[in-house]
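Asker: Just need the structure, nothing else, for what follows:
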Amino acid sequence: MPNDVIASVVKNAHLADNEEDLIPEELRRFEKGTITQMVAGHVARFQGRGYELLVFNVNKKPLEVALGVDLVYWDTVNNVFTLVQYKRLEAEESPGRAKEWVYKNEGEIRRQLKLMVTPTGEAVNASDWRMTSPYWFKFVRRDAARFYDARLLKGIYVPADYLRLAIDDDSLRTGPKNGFRITYDNVKRITRATFSELIRRGLIGTREAQSADLARIIDDLGASGRSAIVAVKAKWQESDETEIVQNLGDILDSTRSRDGAAGPLTFEELLGEESNDSRR
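Answerer: Numbers count the residues shown, from 1 in each chain. Next comes the predicted model:
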């Protein structure tokens with residue numbers, strides 16, 4: 001009898017794994033041949049040929065609450081951060097169809113996308129170029145911890161900027177009765193092997209100025225990190241607003257020049273023109 005119970009527990013234990021169980025597993029693995037060292041309960045160091053990563057589990061910590069992420073990958077060689085929100089896929093079976101791994105909580109995805117504030121602007125040099133924003137979602141199978149091969153847990157990685165568009169244009173409403181769902185087949189995604197390579201090569205993540213901001217947050221985590229997070233998030237939001245105001249100023253200047261008048265248009269003049277246009 002005890003042996004039967006043990007066998008049952010070993011076979012079915014993964015069915016009870018939730019996100020809090022799975023996230024720490026990502027601190028124990030990255031790629032085959034990687035030297036892994038636990039720096040603290042929530043921080044791991046991965047070292048391989050030509051690269052070193054520090055990985056932070058910030059689930060339920062101020063950084064997740066502020067920026068909507070669970071894991072932070074810090075490429076310490078190139079000083080690049082990649083931010084990952086973690087989601088668990090559930091197995092779904094229906095008559096006549098193969099088992100499918102699915103995520104259905106649209107509201108949670110929308111909430112966390114709103115938190116993912118990042119400054120706009122173009123790269124100023126080649127080393128600062130990135131393929132996507134620093135934010136990614138990882139959708140991981142509930143049973144992922146069963147398979148230990150020294151690599152990241154089985155799942156798919158989806159860029160947050162793509163996911164934001166896919167939600168807004170309803171392209172993820174592929175379930176019964178037009179229901180929201182994310183599966184292996186209806187999103188643009190990459191595999192765990194591709195994700196780890198993109199990180200190692202510095203093709204995704206933060207640019208130099210953003211990295212300096214996040215390094216400040218990481219340095220302040222021992223003191224809860226709240227003050228640094230608030231300051232950085234305000235700075236990033238102000239950065240966006242400053243750029244918008246600057247762009248508007250350029251429009252005002254060009255409009256005044258086009259009319260042959262001296263000096264830029266005032267906001268009142270611009271609003272007057274817009275009011276006139278709206279009535280035509």
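Asker: so where do the helices sit in the stretch 151-280 of the chain?
Answerer: 160-168, 192-200, 208-219, 226-259, 267-279 (DSSP state H, counting those that start in this stretch).
Asker: If we go by neighbour counts, what in the stretch of helix or strand Gln112 belongs to is buried?
Answerer: Taking DSSP states H and E as the criterion, Gln112 maps to helix 106-115. Across helix 106-115, burial judged by 16 or more other C-beta atoms under 10 Å covers 109, 112-113. No exception for glycine: its C-beta is placed from N, CA and C like everyone else's.
Asker: need the next SSE after that helix, C-terminal direction.
Answerer: According to DSSP H and E, the helix or strand after helix 106-115 is strand 135-141.
Asker: rewinding a little: can you state the direction angle for the helix holding Gln112 and strand 135-141?
Answerer: 150 degrees (axes from the mean of the first three to the mean of the last three C-alpha atoms, to 10 degrees).
Asker: Show me how far helix 106-115 is from its chain's centre.
Answerer: 11 Å (C-alpha atoms, centre = their mean, to the nearest Å).
Asker: other SSEs contacting that helix?
Answerer: Judged by 3 or more C-beta pairs under 8 Å, 6 or more residues apart in numbering; DSSP states H and E, the packing partners of helix 106-115 are helix 62-67, strand 80-92, helix 160-168.
Asker: Least reliable of the helices of the stretch 151-280 of the chain by average pLDDT, please.
Answerer: Among the helices of the stretch 151-280 of the chain, helix 267-279 has the lowest mean pLDDT, at a mean of 39.
Asker: Please report the number of neighbouring residues for the nearest residue to Leu71 once chain neighbours are set aside.
Answerer: Leaving aside its sequence neighbours, Leu71 sits nearest to Val84 (C-beta to C-beta, 6 or more residues apart in numbering; 4.3 Å). Neighbours of Val84 under the rule other C-beta atoms under 10 Å: 22.
Asker: Ok, the one 5 residues further on next?
Answerer: Burial measure for Leu89: 23 neighbouring residues, criterion other C-beta under 10 Å.
Asker: how near is the nearest residue to it once chain neighbours are set aside to Glu90?
Answerer: Once flanking residues are discounted, Leu89 sits nearest to Trp101: 3.9 Å by C-beta to C-beta, 6+ apart. As judged by C-beta to C-beta, to the nearest Å, Trp101 and Glu90 stand 7 Å apart.
Asker: Leu53 too?
Answerer: For Leu53, the distance to Glu90 - C-beta to C-beta - is 29 Å.
Asker: Generate TSV for the helices and strands packed on helix 106-115, with distance to Arg142 as supplementary columns.
Answerer: Converted to TSV, these look like this (distance: least, C-beta to C-beta, whole Å):
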stretch	distance to Arg142
helix 62-67	21
strand 80-92	6
helix 160-168	20
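Asker: closest to Ile204 out of these?
Answerer: Nearest to Ile204, of all the helices and strands packed on helix 106-115, is strand 80-92, at 5.6 Å by C-beta to C-beta.
Asker: Okay, now the sheet partners of that closest one, with direction.
Answerer: The strands that strand 80-92 pairs with in its sheet are strand 71-75 (antiparallel), strand 100-102 (antiparallel), strand 135-141 (parallel) (by DSSP bridges).
Asker: Mind listing what's buried along it?
Answerer: 80-89.
Asker: Quick check: of those, which lies closest to Val117?
Answerer: Nearest to Val117 out of the buried residues of strand 80-92 is Leu83 (C-beta to C-beta; 11.0 Å).
Asker: Report the contact partners of Val55.
Answerer: Neighbouring residues of Val55 by C-beta atoms under 8 Å, 6 or more residues apart in numbering: 26-27, 30, 43-46, 71-74.
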